[in-house]
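Asker: Structure for this input, please:
(chains A and B)
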Amino acid sequence: MPAALPDLPPGPLRSSPGEDLQAKIHLMQGRRTREHSFPVLPVLKGVLPGGLRPGAVYSLQGSMSLAMALLAGPSQQGAWCGVVGLPDFGIEAAAGFGIALERLVLVPDPGERWMQALAALADVLPVVLSRAPARTAPAEAARLGARLRERGSVLLVAGHWPQSEAILRVSSHEWEGLGKGHGHLARQELLLEVALRGASRSAVVDLSGTIPEDASAYRIGA
Amino acid sequence: MVAWFPDWPLVAARLADELPAGVPAAVISQGRVAACSAEARAEGVVRGLRLREAQTRCTSLAVCPADPLRDAREFEPVLASLEERSPGVEVLRPGLCATRVRGAARYYGSEESAAGAVLDAADSLGIEARVGIADSVFAAVQAARSTTESVALLVLPPSTSRDFLAPFPVEALEQPKLASLLKRLGIHTLGDFTRLPLSDVRARFGDAGALAHAMAGGEDPKTVVPRVPPRKLDRQVDFEPGLDRIDQIAFQLRAPAGEFIAALQDAGLVCTELKVALLDDSGARSERLWGHPRHFTANDVVDRVRWQLQPRSADPSGGFGAGGITSAIIRVELIPGRVESITGHGQALFGEGAEEKIHHGLSRLQSMLGQEAVLVPAVSGGRVLNERRLLTPWGDPVPREAAVQAARPWPGSIPDPQPATVFASPVPVLLLDADGETVRTDQRGTLVAPPAWFCPDAGNESNAPRRPVAEWTGPWPLRQRWWDEGRRRHAERFQIVDGDGDAWLLLLTGDRWWAEARYD
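Answerer: The predicted model follows:
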């Protein structure tokens, strides 16, 4: 666990005029205006500058560590997190990313009632991570999306999701610390392809190991 | 009137099925015999003997540790039975209780028949009892203790207690310090002690001494303070004929569960721990203790019964956990395991905010998917990664030893960072050397040939897609508990990065390879 966390700025992180306009539209439609974004860890600021938008679905492809790093931001701010359908979720790694285990709820095997479980959990928990079901009907996804927007919860899906706010795909990851017969895995670097509302770009995220000089006490993935 | 149940710790252990009946048996407290059966006594076992000595004298001695809670718990039905015959019982300690004889004697006609009623009560429960009646509680205890198996009753006529107590040794006062001092002063019996003037005794031994003096003289100032019989809070629901469908049982339980909770509330209590006992018509009994993060409501009670009836995958205790209901349920007992004052659990005027909402939502999910579907994680101790992940159902308390275990050093654990995917059950894989042979270690645990190829899917060996091993490290030996059949482990650990850039934690047991975790 990080010893001391730098205070993340609370409240909305949005700045672009488009989003302001959207907020105004929401206000005029009578929707609640409590749409504060959930913060993300500083290493992911470059990837998701606006944080995690309430009511949105983020599709994460290819990395559980990335999912954990995304959960860690809200969890450190006191949000409860849920994990659905991932029996292999490594809780020690989660704790290493800074996820508060006492505010984490796991539903490893929802069985047939995947959607109901997901919806019930998203009703009460602000951030939910789930594996993508084998088959998602677009109508079902739309219904869940509406429910998420209503509740202001964030859904992170490990896998493909039909209507997602952003797709974070790991195109390659690189490990450091291991040699031919010596050393141990120490540091992970992800090359991400980010598709955020149509615009696509790539980013490099260092998820573990060495402590960056400037962000003094930050240590992720340990 | 004092009723004494000889060797109560032993009788209680037998009632609780912790000791077999009819064989030499003893209850051990702090390495010494605290109580022993008649069979053991015949073999020469006596109270206060060291366990080792007792086992030398009687090799077939069955023993169990002393448990004051068990003694008290098993005494409860005996007390209830005694209270039916003569109310106003005071428990001096489990196995010894006192009653004022006056009322009972008037009701039954004489003191002897009152004592007879008590002996009858014990007899109906199959327990040996002795009764002593005297002027004071202390004298009555001594009278009950000096009865024999054949004559289980001793009645001391009024104002003869002093003479009766006179020959008893001073140890009978159960004040070891005072007794030892008195003996050094040359006072060996209670008679000698009572002959000392009261003022001198008070001057030399203080109030405690004066009290002992009064007790020795049969003028015990202590009166019988009858206990208030505890209110009956548990609830029993019988089904006639038995029901074998969960929804039927749940429906039938709805009203009784509400009454159960209402009765608790009337008593100003809430239940935070509930014991549910189910009895089916084949005589099998399943008991389980359920915790609750707040306190039980009627719906929660019905849920717990339902969960207990539902088939569960991993049920260590057997019962009818494994296959759901096998025969019709004829009785459900709801027993409050722990109750707390309602004042500590009041609901705030404006609700309790977010946490309560979460609790409601998760409880609803639990009643939908089953209790063990919604889990709370905690880090526990262990060398194997999956053992370190402790999952507790929502609402159950996290076992306290988890934190203790996690804090231990666990040499041989994996250096940080920890893998993000820890397989709940290890996945079979293949690790091959340059010649296509499975990588092995020799007897000393050193590698025979370095790994070159890795198959993450070992299901079909012949044409499984191979990936080259880019980087690797190992073997890291994992040896634990060679003496423990269940948790013994003899394995080698490897970290590899394959050609696709995936990093794995592999485990070699014997000549088989498993993926324990993936770094992704």
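Asker: Quick one: residues contacting B:Trp453.
Answerer: Residues near B:Trp453 by Cβ atoms under 8 Å, 6 or more residues apart in numbering or on different chains: B:430-434, B:436, B:466-469. C-beta: built from backbone N, CA, C; applies to glycine.
Asker: Okay, and which of those map to strands?
Answerer: Mapping those onto strands (DSSP state E) picks out B:430-433, B:467-469.
Asker: In CSV: these, plus distance to chain A and pLDDT.
Answerer: Shown next, in CSV, are these (distance: Cβ to the nearest Cβ, whole Å; pLDDT from 0 to 100):
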residue, distance to chain A, pLDDT
B:Leu430, 19, 88
B:Leu431, 13, 89
B:Leu432, 16, 88
B:Asp433, 13, 89
B:Arg467, 14, 88
B:Pro468, 12, 89
B:Val469, 9, 90
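Asker: Going through these, which ones are buried?
Answerer: Listed as buried from the ones in strands among the contacts of B:Trp453 are B:430-433, B:467, B:469; burial here means 16 or more other Cβ atoms under 10 Å in any protein chain shown.
Asker: Identify the farthest-apart pair in these.
Answerer: B:Asp433 and B:Arg467 (14.2 Å; Cβ to Cβ).
Asker: tell me the residue furthest from the middle of chain A?
Answerer: Outermost residue of chain A with respect to the C-alpha centroid, by Cα atoms, centre = their mean, is A:Gly181; its distance is 34.8 Å.
Asker: helices or strands next to the helix or strand hosting A:Ala72 in the packing?
Answerer: Assigned by DSSP states H and E, A:Ala72 belongs to helix A:64-76. The elements that helix A:64-76 packs onto, with contact taken as 3 or more Cβ pairs under 8 Å, 6 or more residues apart in numbering or on different chains; DSSP states H and E, are strand A:57-61, strand A:81-84, helix A:91-97, strand A:127-131, strand A:154-158, strand A:183-196.
Asker: Which helix or which strand is home to the closest residue to chain A within the stretch 251-400 of chain B?
Answerer: For the stretch 251-400 of chain B and chain A, the shortest gap (Cβ to the nearest Cβ) falls at B:Gly361, measuring 3.1 Å. Assessed by DSSP H and E, B:Gly361 sits inside helix B:354-369.
Asker: Could you do B:Val339 as well?
Answerer: Assigned by DSSP H and E, B:Val339 falls in strand B:329-341.
Asker: For the residue of the stretch 251-400 of chain B closest to chain A, list the residues it contacts.
Answerer: A:120-121, A:123-125.
Asker: Can you list the buried residues in stretch B:305-312?
Answerer: So for stretch B:305-312, counting by 16+ other Cβ under 10 Å, buried means B:305-309, B:312.
Asker: how about it, does it get close to chain A?
Answerer: No - shown here: stretch B:305-312 not in contact with chain A (Cβ under 8 Å from any Cβ of the partner chain), separated by at least 12.9 Å.
Asker: how far does that stretch sit from the chain's center?
Answerer: Averaging C-alpha positions (Cα atoms, centre = their mean, to the nearest Å) puts stretch B:305-312 22 Å from its chain's average.
Asker: and what of stretch B:359-376?
Answerer: Distance, centroid of stretch B:359-376 to centroid of chain: 27 Å (Cα atoms, centre = their mean).
Asker: how close does B:Gly474 get to B:Phe494?
Answerer: 3 Å (Cβ to Cβ, to the nearest Å).
Asker: Which neighbours do those two have in common?
Answerer: B:Leu506.
Asker: now the longest helix seen in chain B, how far from the centre of its chain.
Answerer: Of all the segments assigned as helix in chain B under DSSP state H, the longest by residue count is helix B:246-266. Remark: helix B:246-266 is offset 26 Å from the chain centroid, using Cα atoms, centre = their mean.
Asker: Tell me which helix or strand comes right after it.
Answerer: Criterion used, DSSP H and E; the element after helix B:246-266 is strand B:269-280.
Asker: how about that following strand: buried residues?
Answerer: B:269-280.
Asker: In terms of secondary structure, what does whatever helix or strand comes next after it contact?
Answerer: Counting by DSSP H and E, the next helix or strand C-terminal to strand B:269-280 is strand B:285-291. In terms of contacts (3+ Cβ pairs under 8 Å, 6+ apart), strand B:285-291 is packed against strand B:269-280, helix B:298-309.
Asker: if I look at the residue of chain A found nearest chain B, how far off is B:Gln265?
Answerer: Chain A approaches chain B most closely through A:Val124 (3.1 Å), counting by Cβ to the nearest Cβ. Distance, A:Val124 to B:Gln265, by Cβ to Cβ: 27 Å.
Asker: Could you check which of those two has the larger neighbour count?
Answerer: A:Val124 (21 against 13; other Cβ atoms under 10 Å in any protein chain shown).
Asker: Now that the more buried one has come up, it's in contact with B:Lys357, right?
Answerer: Yes - A:Val124 lies in contact with B:Lys357 (Cβ atoms under 8 Å); the separation is 5.6 Å.
Asker: Got the confidence number for the nearest residue to A:Phe89 once chain neighbours are set aside?
Answerer: Setting aside the residues directly before and after it, A:Phe89 is nearest to A:Val83 in space (Cβ to Cβ, 6 or more residues apart in numbering or on different chains), at 5.3 Å. With respect to pLDDT, A:Val83 has a value of 93.
Asker: wait, which of the buried residues of stretch B:305-312 is closest to B:Glu333?
Answerer: Distances from B:Glu333 to those, taken by Cβ to Cβ, are shortest for B:Val305, at 10.1 Å.
Asker: contacting residues for the closest one?
Answerer: B:249-250, B:253, B:257, B:276, B:278, B:332, B:334.
Asker: okay if I get these as a markdown table plus distance to B:Glu219?
Answerer: Formatted as a markdown table, those follow (distance: Cβ to Cβ, whole Å):
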| residue | distance to B:Glu219 |
| --- | --- |
| B:Ile249 | 60 |
| B:Ala250 | 61 |
| B:Leu253 | 56 |
| B:Ala257 | 54 |
| B:Val276 | 51 |
| B:Leu278 | 54 |
| B:Val332 | 53 |
| B:Leu334 | 48 |
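Asker: Show me the contact partners of the strand or helix carrying A:Leu106.
Answerer: Remark: A:Leu106 resides in strand A:104-107, with elements defined by DSSP H and E. For strand A:104-107, contacts defined as Cβ under 8 Å, 6+ apart pick out A:75, A:80-86, A:89, A:91, A:94, A:117, A:121, A:125, B:362, B:365, B:369, B:373-377, B:391, B:394.
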